[in-house]
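Engineer: coords please:
(one chain, ligands or ions: 1)
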Amino acid sequence: MAEMAHTEKREFQTEVKQLLHLMVHSLYSNKEIFLRELISNASDAADKLSFLALQDNDLFEGDGELRIWIEPDHEAGTLTIRDNGIGMSRDDVVANLGTIARSGTAEFLKQLSGDQKKDSRLIGQFGVGFYSAFIVANRVEVFTRKAGAAASEGVYWASEGDGEFELGTLELPQRGTRIVLHLRDDEKEFLDSWRLKSLVRKYSDHVAIPVMMLGEPAPAEEGEEPKQPELEQINAATALWTRSKSDISDEEYQDFYKHLSHDFSDALSWSHNRVEGKLDYTSLLYLPSKAPFDLYQREAPRGLKLYVQRVFIMDDAEQFLPLYLRFMKGVIDTNDLSLNVSREILQNDRTVASLKAALTKRSLGILEKLSADEEKYAVFWKEFGAVLKEGPAEDFANREAVAKLLRFATTHTGDEAQTVSLADYVARMKEGQTAIYYVVADSHRNAAGSPHLEVFRKKGIEVLLLSDRIDEWLMSHLSEFDGKPLQDVARGALDLGELEDEAEKKAHEETDKQYTALTEEIAKILAADVESVRTSHRLTDSPACLVVAEHDIGAQMRRILEAAGQELPASKPILEINPEHPLVQRMNEAPTDARTRDLVMVIYEQARLAGGDSLQDAAAYVQRINKLLLELSA
Ligand SMILES: Nc1ncnc2c1ncn2[C@@H]1O[C@H](COP(=O)(O)OP(=O)(O)OP(=O)(O)O)[C@@H](O)[C@H]1O
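Structural biologist: Next up, the predicted model:
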């Protein structure tokens, strides 16, 4: 090793320490994946160099044959993975091998339990990477020099994975990165060249540049000098997506997915397509089976790996898919863009827009196909359903296609699981039913217990039970499905149309008349709180409920917007009272009684509670209830 000019000790960022600990403990039963991860990084480094060299060929320093070498050393007990890719500067090393820049990491790591099985699943959401080296090594050394930098700007990094690392500068004539793993005593199997070869073939066959390793020395003939072993290429070295679909096994697709995504679990599904004609591209899109921990972080990396004419251009090209499909992973390789395309150009390029439209259709196609398999689709829905619900607002053109893919909890299943499609619902609609009904609340339990459902239960009409934060937003952009309007049961006057017969309607009008005095009295008492008061025909068991006026913002959306600090115009709900309820009937006997006043307040406050709202004056409510209870027990 060359003379080290200067070394210092540095602490890992806390998150790195936690992650390292987790990695080693939870991934032990899959320890061999470290090799895939390091080869993956080396291949990314080669991609990055070829890309930069498009502009500046000197970066190759006369050595344009990009390779990865695997070097087991039995004597030293080390396994070295070496590449002549882009390499790292000192700053790169500190940033990449000492910190984790993804926001939300700290919160994510807090969820780790020490339970190996659970944690290994969680780590899949994070993405395994360089640090997986510590699963098999008790000391890792990195020698790296950035392409284009002087030989004197070599960087040395070493760590035992225990909380700190050494950092030094040294002379490195060779550009690229060399990672030396000092294998733990019981991991020496990874020095065995047969084992290494089979791992590379299994996990990294499709890596687009050659992975080289010394072959076995050929047995020497009698009286001859022993032959030196020769370097052999041990992978196929053809980018997977350039191969023909029929030649690729499911296992190869899955392995490539893991190489691409650093995910630990299999993909749920994928679609590989070559398109020639107006557009000319190959795409390989994957649907993961597990959401990354930062799915809702605005700055989280997303998008596809972009290649132009087989040349890697960039990671995380986010212009090829809409936000609501940000969970898709994959590769797009196109001949329609120029090699010097930049992120800025991608943003307003017409070809990119066409590619985006095509890839959006493909992704929705994957989902549609998957939806035939209920079990798998449930996995997808649980992980990504709430993201897909952003679709109708973002992508007007594909609104119908997205709507078909949505799943809901409903009164029909009596289950919190979101499994009912709008098509299922429509197929079960009652004779004369023209609308799709839904109720929104802040939890499934509150939705299922909403007083607004009473008349629907009585008539056996199914209602969608919505309780995801995004649901009201979704509904405001969906408005109809299959020609049937979507209707909030807590909004506006309830018109059940043909679901009610003439006799029922007549009876309602009659009761309304009998309750005029009471509704007027209540309107006076609650003048500050409600817009108006009327008799209800949607209740059977509850004395009253609150209804949002037809064009007002719904209660759920209002709470979300207010929590986000938005000032909204004040709006008051409508109070509906149930003329079938004995309490209301009693009030109707003496509308102006002092006791009626207390009852009015209580049923109003209860209606707020049932709708998921809090009370304006909880102490007064408790006092009123206690007063009534006392009267009762007197
Ligand atoms: N062989 C290498 N050559 C150059 N840079 C490397 C190499 N290995 C790792 N790096 C750098 O270190 C970073 C961190 O690697 P790590 O594998 O931990 O993260 P990652 O999540 O896998 O990142 P990515 O998904 O971009 O590969 C990489 O993104 C890369 O910038």
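Engineer: Indicate the residue of the stretch 451-600 of the chain located nearest to the ligand.
Structural biologist: Residue of the stretch 451-600 of the chain nearest the ligand, by C-beta to the nearest ligand atom: I470 (28.3 Å). Every C-beta, even on glycine, is put in place using the N, C-alpha and C of the backbone.
Engineer: tally of neighbours for F264?
Structural biologist: F264 is flanked by 21 other residues according to other C-beta atoms under 10 Å.
Engineer: got it, and A397?
Structural biologist: Neighbours of A397 using other C-beta under 10 Å come to 10.
Engineer: hang on, C545 in a strand?
Structural biologist: Yes: assessed with DSSP: H, G, I helix; E, B strand; the rest coil, C545 lies in a strand.
Engineer: check contacts around the residue lying closest to it once chain neighbours are set aside.
Structural biologist: Spatial nearest neighbour of C545, chain neighbours left out: P451 (4.2 Å); criterion: C-beta to C-beta, 6 or more residues apart in numbering. Contacts for P451 (C-beta atoms under 8 Å, 6 or more residues apart in numbering) come out as 538-539, 541-542, 544-545, 607, 610.
Engineer: hmm, which of the residues you listed are the buried ones?
Structural biologist: 538-539, 542, 544-545, 607, 610 (16 or more other C-beta atoms under 10 Å).
Engineer: Can you point out the buried residues in stretch 421-440?
Structural biologist: 421-422, 425, 429, 433, 435-440.
Engineer: In the stretch 1-150 of the chain, what residue spans correspond to strands?
Structural biologist: 4-11, 68-73, 78-83, 137-145 (DSSP state E, counting those that start in this stretch).
Engineer: And the residue of the stretch 101-250 of the chain closest to the ligand?
Structural biologist: Nearest to the ligand in the stretch 101-250 of the chain, going by C-beta to the nearest ligand atom, is G129, at a distance of 2.6 Å.
Engineer: from the buried residues of stretch 421-440, which is closest to the ligand?
Structural biologist: Closest to the ligand out of the buried residues of stretch 421-440 is S421 (35.2 Å), distances taken as C-beta to the nearest ligand atom.
Engineer: Run through the chain and note the low-pLDDT ranges.
Structural biologist: Across the chain, the ranges flagged by pLDDT under 70 are 1-5, 497-498.
Engineer: Residue numbers of it in contact with the ligand?
Structural biologist: Within reach of the ligand by C-beta under 6 Å from any ligand atom, the chain has these residues: 41-42, 44-45, 83, 85-88, 96, 127, 129-131, 177, 262.
Engineer: Just put the buried ones among the contacts of P451 in CSV and tack on secondary structure and distance to S29.
Structural biologist: Shown next, in CSV, are the buried ones among the contacts of P451 (DSSP: H, G, I helix; E, B strand; the rest coil; distance: C-beta to C-beta, whole Å):
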residue, secondary structure, distance to S29
R538, coil, 56
L539, coil, 57
S542, coil, 54
A544, strand, 59
C545, strand, 55
A607, helix, 55
A610, helix, 50
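Engineer: What about Y286, how many residues nearby?
Structural biologist: 28.
Engineer: Distance check, it against F312.
Structural biologist: 18 Å (C-beta to C-beta, to the nearest Å).
Engineer: Likewise for E164?
Structural biologist: Computed as C-beta to C-beta, the E164 to F312 distance reads 34 Å.
Engineer: More neighbours: which of these two?
Structural biologist: Of the pair E164 and F312, F312 is the one with more neighbours under other C-beta under 10 Å, namely 22 against 14.
Engineer: How about the secondary structure of that one?
Structural biologist: Three-state assignment for F312 (three-state DSSP): strand.
Engineer: List the residues that contact it.
Structural biologist: Here F312 is in contact with 47-48, 50-51, 305-306 (C-beta under 8 Å, 6+ apart).
Engineer: Show me which of those residues is closest to the ligand.
Structural biologist: Checking these against the ligand with C-beta to the nearest ligand atom, the nearest one is K48 at 7.4 Å.
Engineer: So L79 sits against I70, correct?
Structural biologist: Yes: with contact defined as C-beta atoms under 8 Å, L79 counts as touching I70 (7.4 Å).
Engineer: Next, show the common contact partners of those two.
Structural biologist: Counting by C-beta under 8 Å, 6+ apart, the shared contacts of L79 and I70 are L196.
Engineer: Figure out how far stretch 134-142 is from the centre of its chain.
Structural biologist: Its chain's C-alpha centre and that of stretch 134-142 lie 31 Å apart, by C-alpha atoms, centre = their mean, to the nearest Å.
Engineer: buried stuff in that stretch?
Structural biologist: Buried positions in stretch 134-142, judged by neighbour count with 16+ other C-beta under 10 Å: 134-137, 139-142.
Engineer: try stretch 72-85
Structural biologist: Across stretch 72-85, burial judged by 16+ other C-beta under 10 Å covers 72, 77-85.
Engineer: Stretch 320-339 too?
Structural biologist: Buried positions in stretch 320-339, judged by neighbour count with 16+ other C-beta under 10 Å: 320-322, 324-334, 336-337.
Engineer: Stretch 465-484 too?
Structural biologist: By 16+ other C-beta under 10 Å, the buried positions in stretch 465-484 come out as 465-468, 470-475, 477-478, 481.
Engineer: and what of stretch 522-535?
Structural biologist: Under the neighbour-count criterion of 16+ other C-beta under 10 Å, stretch 522-535 has 522-523, 525-526, 530-535 buried.
Engineer: That one: end-to-end distance?
Structural biologist: One end of stretch 522-535 sits 11 Å from the other (C-alpha to C-alpha, to the nearest Å).
Engineer: what sits up against stretch 346-361?
Structural biologist: Applying C-beta under 8 Å, 6+ apart, the external contacts of stretch 346-361 come out as 275, 278-279, 281, 283, 285, 304, 317, 319-322, 325, 332, 334, 336-337, 341, 395, 397-398, 401.
Engineer: what about 10 Å?
Structural biologist: Contacting residues not belonging to stretch 346-361 are listed as 271, 273, 275, 278-281, 283, 285, 303-304, 306, 313-314, 317-322, 324-325, 328, 330, 332, 334, 336-338, 341, 345, 391, 395, 397-398, 401-402 [C-beta atoms under 10 Å, 6 or more residues apart in numbering].
Engineer: Which of these fall in strands?
Structural biologist: The subset of the contacts of stretch 346-361 located in strands under the criterion DSSP state E comprises 271, 273, 275, 281, 283, 285, 304, 306, 313-314, 317, 330, 332, 334.
Engineer: Which among those residues count as buried?
Structural biologist: For the ones in strands among the contacts of stretch 346-361, a burial check counting by 16+ other C-beta under 10 Å picks out 271, 281, 283, 285, 304, 306, 313-314, 317, 330, 332, 334.
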